[in-house]
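[1] any chance you can model this:
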Amino acid sequence: MASDGEAPKGAQTLLNGLALVRLVADGVRDVPTLQERTGLRRSTLYRLVQTLRGEGYLRDTPHGLSLGPTLIELGFGALSSNPLASVAGAHLQALADEVRDTVHLAVEDHGSVLYLVKIPGQRGAEMRSRVGQRMPLTRTGIGKALLLDARERWVERWRAEGPADEAAASPSARRAGEAAEEDFVARMEHYRAGGYSYDMEENEPGIRCVAAPVRDGSDAIVGAVSISATAPYMPAERMRELVPRVQGAAADISAEMGYRGRRR
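    Below you'll find the predicted structure:
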């Protein structure tokens, strides 16, 4: 962010504008809060906000500033440009029609889950997930599927996505945290061996998920597919039954992405 003594031009101006867009995306709705968060001079801030409004990156709503139509257009363009989303479409729809539950397609992006596709279920409560939303890797079934090959990252991601004040916790709380970490690693080893993963209401109370990875021609995990539903529709027995279904859909998508290995 530029200091008050710097002229708002060139690359720094671009970075300042992008920072404003990010803050609005994170929920900041008024100019005074933007100024407080960025430290920009009032005149510089107003000039940038006015430019972003004029170009459609920001807009005014009854509740304050919001992302504008240009960003919405660019966002959908970015999603549609990912070949995985277009390749997977028909397979995801077939899976959703078969199971009648919410189906997701996601990738890992900057250390988190990024949803590319969501097909809402035909029963139960609506999931809070949405296309373009980010979720933690280690607390979601689809995130765990994305991590199956990355054993060396399991503990690092678990700790990064855990409570921020863990170091200051009591000895008993730290022991509980260590036990939870060990349990997570053990479950990931089990999931890795089976080629699938679960979310047992770890990310959202009452929501369970079965997921499997998607691979490309290099055998790398490039995405993951999941089936999600409220707990009453996801007893343990049904979750087991859904494993081969979600793996089958993921394998079909993988084949179109150039993967020629066996179904894992």
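
[2] wait, a helix at residue 53?
    Yes: under DSSP: H, G, I helix; E, B strand; the rest coil, residue 53 sits within a helix.

[3] for it, grab the count of nearby residues.
    Residue 53 is flanked by 14 other residues according to other Cβ atoms under 10 Å. All C-beta spots, glycine's among them, are computed from the backbone N, C-alpha and C.

[4] that one contacts residue 61, correct?
    No: with contact defined as Cβ atoms under 8 Å, residue 53 does not reach residue 61; the gap is 11.7 Å.

[5] ranges for the helices of the stretch 1-150 of the chain?
    Secondary structure of the stretch 1-150 of the chain (DSSP state H, counting those that start in this stretch): helices at 10-25, 31-38, 42-54, 69-81, 83-99, 141-147.

[6] pLDDT wise, what is residue 134 at?
    With respect to pLDDT, residue 134 scores 91.

[7] from residue 48, how far out is it?
    From residue 134 across to residue 48, the span is 25 Å (Cβ to Cβ, to the nearest Å).

[8] in the helix or strand harbouring residue 210, what's buried?
    Following DSSP states H and E, one finds residue 210 within strand 207-215. For strand 207-215, the buried set under the neighbour-count rule, 16 or more other Cβ atoms under 10 Å, comprises 207-215.

[9] can you check stretch 58-72 too?
    Buried, per 16+ other Cβ under 10 Å, within stretch 58-72: 58-59, 65, 67-68, 71.

[10] how about stretch 148-162?
    148, 154, 157-158, 161-162.

[11] quick one: which of those residues is nearest residue 256?
    Nearest to residue 256 out of the buried residues of stretch 148-162 is residue 148 (Cβ to Cβ; 20.0 Å).

[12] and that closest one, what does it touch?
    Neighbour list for residue 148: 188, 191-192, 195, 197, 213, 221 [criterion: Cβ atoms under 8 Å, 6 or more residues apart in numbering].

[13] relative to strand 207-215, how tilted is the helix ranked longest in the chain?
    Secondary structure of the chain per DSSP state H: the longest helix is helix 171-194. With axes from the mean of the first three to the mean of the last three Cα atoms, to 10 degrees defining the directions, helix 171-194 sits at 50 degrees from strand 207-215.

[14] tell me which strands and helices helix 171-194 is in contact with?
    For helix 171-194, the packing partners by 3 or more Cβ pairs under 8 Å, 6 or more residues apart in numbering; DSSP states H and E come out as helix 141-147, helix 154-160, strand 197-200.

[15] could you dump those to JSON lines with distance to residue 10?
    As requested, the helices and strands packed on helix 171-194 are arranged in JSON lines below (distance: least, Cβ to Cβ, whole Å):
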{"stretch": "helix 141-147", "distance to residue 10": "37"}
{"stretch": "helix 154-160", "distance to residue 10": "34"}
{"stretch": "strand 197-200", "distance to residue 10": "45"}
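
[16] what pLDDT, on average, does the strand holding residue 210 get?
    The average pLDDT for strand 207-215 rounds to 96.

[17] please name every helix or strand in contact with it.
    If contacts are counted by 3+ Cβ pairs under 8 Å, 6+ apart, strand 207-215 sits against helix 141-147, strand 197-200, strand 221-230, helix 236-256.

[18] pick the most deeply packed of those.
    Comparing the helices and strands packed on strand 207-215 by mean neighbour count (mean count of other Cβ atoms under 10 Å), helix 141-147 ranks first with a mean of 28.

[19] from the chain's centre, how far out does that one sit?
    10 Å (Cα atoms, centre = their mean, to the nearest Å).

[20] pLDDT on it, on average?
    97.

[21] ok, residue 195 touching residue 212?
    Yes: judged on Cβ under 8 Å, residue 195 makes contact with residue 212 at a distance of 6.3 Å.

[22] any common contacting residues for the two?
    By the contact definition Cβ under 8 Å, 6+ apart, residue 195 and residue 212 are jointly contacted by residue 247.
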